[in-house]
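Chemist: sequence unknown, structure follows:
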């Protein structure tokens, strides 16, 4: 059974306005949780086709311009939605993509799709302490992988835990991300540099270098490269610029922390 046939069996035909408003909300949520432009484009077109519509979408770094129409009829609706800043969430990214396949393959009604979509947004609440613990252990493990000794790993664990918790608190207060990266890098590097005092004969330089790895904006860099490959040049440039600026804030905080602790860079 084709997507269009499955949709027809639902017994209800939706206007372009109804479909456009749902797809716009969906697009904003998916793009906000760090989805690439190609994923957004494919998911939206997949669901639009399932509802018997055609869609044209223009993706900007802060806005999504969408037009939905009914082929062969005078039923067109255009809507511009703003992208809201949101934490990176692979879980939400995956479940929203799965929703698009359920709409296409299972012929979900628009009401059911909307209900599932809103439920996903409400349930996508991370557990701060679990995330904090896992991030701290992961960063300490990186220290060990790069050759750090047990004392260096313990220092990195503490530096990451304090810096990451500060990052969570500042984010909850809606502090600018650039300020968050600078402050957290500074605090973590100061704690990491204490290894030069506690274990000067150990691996203190590795402790300092890995104490700020949890801040490296790897996902924005990867997404910008993906957008570049698929010719979404504006979003690619925007994401790359954001990643470079965050990296610069991280580096400045690290350098000032090392300067405060009188730790040489080379």
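Modeler: Cool, the structure landed. Nothing here was measured: the structure is a model prediction, and the numbers come from that model.
Chemist: what phi and what psi does the backbone show at the residue nearest the centre of the chain?
Modeler: Centroid-nearest residue in the chain: residue 88, 2.5 Å away (criterion: Cα atoms, centre = their mean). Dihedral angles of residue 88 (phi, psi; degrees, to the nearest 10) stand at phi -70, psi 130.
Chemist: Output the below-cut-off pLDDT ranges for the stretch 1-150 of the chain.
Modeler: The model of the stretch 1-150 of the chain has pLDDT under 70 over residues 1-11, 124.
Chemist: longest single helix anywhere in the chain?
Modeler: helix 233-260 (DSSP state H).
Chemist: List the buried residues in that one.
Modeler: Residues of helix 233-260 classed as buried: 235-236, 238-240, 242-243, 246-247, 249-250, 253-254, 257-258 (neighbour count, 16 or more other Cβ atoms under 10 Å). Glycine gets a C-beta too; all of them are placed from N, C-alpha and C.
Chemist: now do stretch 151-162
Modeler: 152-162.
Chemist: With stretch 175-183 instead?
Modeler: Neighbour-count burial for stretch 175-183 [16+ other Cβ under 10 Å]: 177, 180-183.
Chemist: can you pull out the strands in the protein?
Modeler: Under the criterion DSSP state E, strands of the chain are mapped to 54-59, 63-69, 76-82.
Chemist: if you compare the ones you listed, which one is most tucked away?
Modeler: strand 63-69 (a mean of 20; mean count of other Cβ atoms under 10 Å).
Chemist: Within the sheet, what are the partner strands of that strand, with directions?
Modeler: strand 54-59 (antiparallel), strand 76-82 (antiparallel) (DSSP bridges).
Chemist: got these as CSV, with distance to residue 173 columns?
Modeler: Shown next, in CSV, are the strands paired with strand 63-69 (distance: least, Cβ to Cβ, whole Å):
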stretch, distance to residue 173
strand 54-59, 29
strand 76-82, 21
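Chemist: closest one to residue 219 among those?
Modeler: Between residue 219 and these, the tightest spacing by Cβ to Cβ is seen for strand 54-59, at 17.3 Å.
Chemist: returning to what we had before: would you mind saying which of the strands paired with strand 63-69 lies nearest residue 136?
Modeler: strand 76-82 (34.3 Å).
Chemist: Give me the residues contacting the closest one.
Modeler: Applying Cβ atoms under 8 Å, 6 or more residues apart in numbering, the contact partners of strand 76-82 are 15-17, 19-21, 24-25, 27-28, 62-70.
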